[in-house]
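Asker: model the following, please.
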Amino acid sequence: MPGSDERAGRDRQDERNERPRRVVVNRDGPILVEGPVEVVADDGTTTRSDRFVVAICTCRRSRTYPWCDTSHRRRKSAGPGPGGRQPREGEEESGP
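Answerer: Numbers count the residues shown, from 1 in each chain. Take a look at the predicted model:
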């Protein structure tokens, strides 16, 4: 039966042989990281998630920061409607 030192060495070897973690960067959304992950914040606090994929907030609007809660979706501004003008009060926007 292998000793604890031998087992620890084998565990470190297994970690080195794992495939690299996949990180997906979304332009208008969170960074997706294959888990489990440990996130160290700028103040030194550490947060861990054992989920198979985690969404890390990049907009800093999340109430569950550093984890994304989709607050970035509310950030989009209501630009001009069709034809380049804003709908008037009581007027509905017409779709394409």
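
Asker: contacts and neighbour counts: CA atoms only from here.
Answerer: Will do.

Asker: and for residue 57, the neighbour number?
Answerer: 22 (other CA atoms under 10 Å).

Asker: quick check: it touching residue 68?
Answerer: Yes. The pair residue 57 / residue 68 is scored as a contact, 4.3 Å apart, by CA atoms under 8 Å.

Asker: quick check: neighbours shared by the two?
Answerer: Common neighbours of residue 57 and residue 68, counting by CA atoms under 8 Å, 6 or more residues apart in numbering, are residue 30.

Asker: can you show me the strands along the chain?
Answerer: Along the chain, counting by DSSP state E, strands occupy 23-25, 31-34, 37-40, 46-49, 53-56.

Asker: how about residues contacting the first one?
Answerer: What it means is strand 23-25. So strand 23-25 is contacted by 31-34 (CA under 8 Å, 6+ apart).

Asker: list just the nearest of those to residue 47.
Answerer: residue 33 (14.0 Å; CA to CA).

Asker: return the set of residues that bridge with that closest one.
Answerer: Counting by DSSP bridges, residue 33 is bridged to residue 23, residue 54.

Asker: got a list of what residue 18 touches?
Answerer: So residue 18 contacts nothing (CA under 8 Å, 6+ apart).

Asker: circling back: deepest of the strands of the chain, which one?
Answerer: Stretch with highest mean neighbour count among the strands of the chain: strand 53-56 (a mean of 19; mean count of other CA atoms under 10 Å).

Asker: list the helices and strands it packs on?
Answerer: Packing partners of strand 53-56 (3 or more CA pairs under 8 Å, 6 or more residues apart in numbering; DSSP states H and E): strand 31-34.

Asker: follow-up on the earlier one: can you put the strands of the chain in JSON lines and add distance to residue 63?
Answerer: Formatted as JSON lines, those follow (distance: least, CA to CA, whole Å):
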{"stretch": "strand 23-25", "distance to residue 63": "20"}
{"stretch": "strand 31-34", "distance to residue 63": "16"}
{"stretch": "strand 37-40", "distance to residue 63": "16"}
{"stretch": "strand 46-49", "distance to residue 63": "14"}
{"stretch": "strand 53-56", "distance to residue 63": "12"}
